[in-house]
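Asker: generate a structure from the sequence data that follows.
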Amino acid sequence: MVARLNPYINFRGEAKAALEFYRGVLGGETTVSTFGEFGMAGSPIADQVMHGQLETPGGMTLMVSDVPPEMPITPGTNVTISLSGDEGELLRGYWEKLQDGATVHTPLAKQMWGDEFGQLTDKFGIGWLVNIGAPQ
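Answerer: Numbers count the residues shown, from 1 in each chain. Sure thing, here's the model as predicted:
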């Protein structure tokens, strides 16, 4: 069972390049899923990153994505905190506590990729993502 906390950085069409840059800095292996792979094949953003991840040899994780054109993005405030893992009860507990005074953007629910996912901005203005994967 695992639960982890890591940064999640949003970009405007530069997530692949950033992920490769950070891989060059930190080492490790990357995985990338595009918007086109998840039902947006004909979209202008089909080749952009819906979710990218770098796992380093030292155990660090960095996640990235490109935001669609209709979503605002401001460099410097484009970082959120991701809580993820397969410890559903623990992560749901964190989600419940984070909702105190928060603005929920995506309620915690099963998503098209099969995991439970929720997104909110806490009462201090910090963005949080919670992703609960099925135990391996």
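
Asker: tell me the SS of the residue located most distally from the centre of the chain?
Answerer: The C-alpha centroid of the chain is most remote from Gly42, which lies 23.0 Å away (Cα atoms, centre = their mean). What DSSP: H, G, I helix; E, B strand; the rest coil gives for Gly42 is coil.

Asker: buried residues of whichever strand or helix holds Ala18, list them for me.
Answerer: Using DSSP states H and E, Ala18 maps to helix 15-26. Within helix 15-26, the residues that count as buried by 16 or more other Cβ atoms under 10 Å are Ala15, Lys16, Ala18, Leu19, Tyr22, Arg23. C-betas here are computed from N, CA, C, even on glycine.

Asker: check which helices and strands it sits against.
Answerer: strand 3-11, strand 29-34, strand 49-55, strand 61-66 (3 or more Cβ pairs under 8 Å, 6 or more residues apart in numbering; DSSP states H and E).

Asker: which regions of the chain sit below the pLDDT cut-off?
Answerer: 1, 135-136 (pLDDT under 70).

Asker: count residues in the vicinity of the closest residue in space to Arg4 that isn't next to it in sequence, would you?
Answerer: Counting by Cβ to Cβ, 6 or more residues apart in numbering, the nearest residue to Arg4 once its immediate chain neighbours are dropped is Gly85, at 5.6 Å. Close neighbours of Gly85, defined as other Cβ atoms under 10 Å, add up to 17.

Asker: ok, Gly85 to Ile132 distance?
Answerer: According to Cβ to Cβ, to the nearest Å, Gly85 stands 7 Å off from Ile132.

Asker: any residues in contact with both of those two?
Answerer: Leu91 (Cβ atoms under 8 Å, 6 or more residues apart in numbering).
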